[in-house]
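**Q** Any chance you can model this:
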Amino acid sequence: MSIGLALVAVAAVYLVVRGTDDDAPNDATNDAGTTGATCIDDAAHVIDEKAGLCFTLPEGWTRLSEEEMTEQEFEVPTTVVSSPGSEARMLVLARDADEDVLPEDEVAVTIDAFVGAGTDAPDIEPVSGTVDGYPSATASGSHDTLGWMSTTAIRVEDRIIFTSSLVLGQEPELIAQIEAIQESFSLT
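**A** Below is the predicted model of the structure:
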């Protein structure tokens with residue numbers, strides 16, 4: 001299975017369970033009321049205006065154009081970034097969410113579907129945190145044939161920003177690059 005199809009499958013699981021909203025607002029700010037330090041408009045950073053998220057790209061990574069996302073069947077995400085050779089990718093989604101939706105629940109649904117909930121897969125506990133003062137959660141896990149996956153959900157007022165990353169195989173350098181991207185998350 002190609003990485004593109006695997007991420008589409010992950011996005012589909014997330015959307016079937018949680019839904020999507022193409023009209024998600026873009027009004028999030030960090031605690032200081034301004035955009036974060038990574039929100040620089042240059043080749044080393046991505047600003048996803050629709051989702052309200054920005055982050056730093058590792059050297060050699062690229063952002064797929066809308067045309068490339070369509071050609072590769074990425075119809076739902078607002079952003080897809082890819083490592084050199086496309087062995088790792090991350091997609092970004094945003095949707096409206098009810099008050100009771102927690103980031104930990106969002107990542108648990110997706111990561112459980114990826115590793116095979118109900119099988120002998122190990123329990124994966126989401127790690128809670130914050131991004132610019134907003135609650136977030138990240139969970140990561142491995143699948144024997146697909147590779148390593150990590151998901152992050154950020155609760156921003158009445159919406160959820162969701163990222164899903166997939167590394168084909170267990171390449172430690174690519175996993176470290178995904179983790180560096182996650183650490184650079186900032187809201188626009």
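
**Q** Report the central residue of this protein.
**A** Thr163 (1.0 Å; C-alpha atoms, centre = their mean).

**Q** Now that one: which helix or strand?
**A** In this assignment (DSSP states H and E), Thr163 forms part of strand 159-167.

**Q** Pull up the pairing partners for that strand, direction included.
**A** Take DSSP bridges as the rule and strand 159-167 pairs in its sheet with strand 88-96 (antiparallel), strand 147-156 (antiparallel).

**Q** quick one, what contacts the residue lying closest to the residue nearest to the centre of the chain once chain neighbours are set aside?
**A** In space, and not counting its chain neighbours, Thr163 is closest to Thr152: 4.7 Å by C-beta to C-beta, 6 or more residues apart in numbering. Bear in mind the C-beta positions are built from the backbone N, C-alpha and C, glycine included. Contacts for Thr152 (C-beta atoms under 8 Å, 6 or more residues apart in numbering) come out as 103, 107, 136-138, 162-163, 182, 185.

**Q** Give the bridge partners for Thr152, please.
**A** Judged by DSSP bridges, the bridge partners of Thr152 are Thr138, Thr163.

**Q** per-residue confidence at it?
**A** Per-residue pLDDT puts Thr152 at 94.

**Q** low-scoring stretches of the chain, by residue?
**A** 1-38, 72-75, 115-123 (pLDDT under 70).

**Q** Break down it into its helices, ranges please.
**A** If you assign secondary structure with DSSP state H, the helices in the chain sit at 3-18, 66-71, 103-115, 172-183.

**Q** CA atoms of the shortest one as CSV?
**A** Extracted in CSV, the C-alpha atoms of helix 66-71 (Å, rounded to 0.1, in the frame of the first residue of the first chain):
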residue,chain,number,x,y,z
GLU,A,66,-3.7,21.3,-4.3
GLU,A,67,-3.2,19.7,-7.7
GLU,A,68,-0.8,17.1,-6.3
MET,A,69,-3.2,16.3,-3.4
THR,A,70,-6.0,15.8,-5.9
GLU,A,71,-3.9,13.6,-8.1
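
**Q** Show me what counts as buried in stretch 134-149.
**A** 134, 136-142, 146-149 (16 or more other C-beta atoms under 10 Å).

**Q** again with stretch 151-163
**A** So stretch 151-163, judged by 16+ other C-beta under 10 Å, has buried residues 151-156, 159-163.

**Q** chain center to that stretch: distance?
**A** Its chain's average C-alpha position is 9 Å from that of stretch 151-163, according to C-alpha atoms, centre = their mean, to the nearest Å.

**Q** Next: stretch 137-153.
**A** That offset, for stretch 137-153, works out to 10 Å (C-alpha atoms, centre = their mean).
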